[in-house]
Each structure stands twice: as C-alpha cells, then as structure tokens.
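# No letters, just coordinates:
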C-alpha cells in the first residue's frame with residue numbers, strides 16, 4: 001500500500017508544479033497569479049481541479 005500512495009503523491013506533486021508553472025507564464029495580472037498559486041498550495045486537489053476549469057489562460 002505504501003508504494004501506491006507514494007506514486008499518487010508524486011503524480012499530485014507534478015500536477016501542482018505544472019499548474020504553478022503555467023500560472024506564472026500566463027498573461028494574467030500579478031494579483032491573479034498570486035491568488036491562484038495560494039489556492040493551489042493550500043488546497044492542492046480542489047485547487048488543481050478549479051485551476052483546470054477557471055484558471056488563467
């Protein structure tokens with residue numbers, strides 16, 4: 001069981017890092033970027049799903 005959770009955690013970490021990098025590279029204002037990054041860091045799973053649907057393009 002430990003290996004499965006480790007792999008899931010690693011996948012989650014990679015997805016959050018991907019979302020943060022894409023947010024930093026977006027043309028959105030600095031304030032919007034900061035808010036999205038905080039949401040992604042504080043609420044990783046829900047924040048990533050929200051970022052997929054509503055994040056800066």
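Received, thanks. Just so it is clear, the structure is predicted and the values come from calculations on it, not from any experiment.
# ok now do the most centrally placed residue in the chain, which residues does it touch?
By C-alpha atoms, centre = their mean, the chain has its centre lying nearest to residue 16, at 3.4 Å. By C-beta atoms under 8 Å, 6 or more residues apart in numbering, the contact list for residue 16 reads 40-41, 44, 47-48. From N, CA and C alone the C-beta is placed, and that goes for glycine too.
# Save these as JSON lines, and put in pLDDT and neighbour count too.
Formatted as JSON lines, the contacts of residue 16 follow (pLDDT from 0 to 100; neighbours: other C-beta atoms under 10 Å):
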{"residue": "40", "pLDDT": "96", "neighbour count": "22"}
{"residue": "41", "pLDDT": "96", "neighbour count": "11"}
{"residue": "44", "pLDDT": "93", "neighbour count": "15"}
{"residue": "47", "pLDDT": "95", "neighbour count": "19"}
{"residue": "48", "pLDDT": "95", "neighbour count": "18"}
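# that older thread, so which strand or helix has the residue nearest to the centre of the chain?
Assigned by DSSP states H and E, residue 16 falls within helix 2-24.
# Need the contact partners of the helix or strand following that helix.
Using DSSP H and E, the helix or strand that follows helix 2-24 in sequence is helix 30-42. The contact list for helix 30-42, computed with C-beta under 8 Å, 6+ apart, reads 16, 19-20, 23-24, 26, 28, 47-48, 50-51, 55-56.
# same thing but 10 Å
Outside helix 30-42, the residues within contact range by C-beta atoms under 10 Å, 6 or more residues apart in numbering are 15-17, 19-20, 22-29, 46-48, 50-51, 54-56.
# Selection in ChimeraX covering whichever of the residues you listed are buried, please.
Entered in ChimeraX, the line below selects the buried ones among these, by 16 or more other C-beta atoms under 10 Å:
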select :15,16,19,20,23,28,47,48,51,55,56
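# how about the contacts of residue 16, which pair is most distant?
The span of the contacts of residue 16, defined through C-beta to C-beta, is set by 41 and 48 at 10.6 Å.
# Where does residue 56 sit: helix, strand or coil?
coil (DSSP: H, G, I helix; E, B strand; the rest coil).
# From residue 38, how far out is it?
The spacing between residue 56 and residue 38, counted by C-beta to C-beta, to the nearest Å, is 14 Å.
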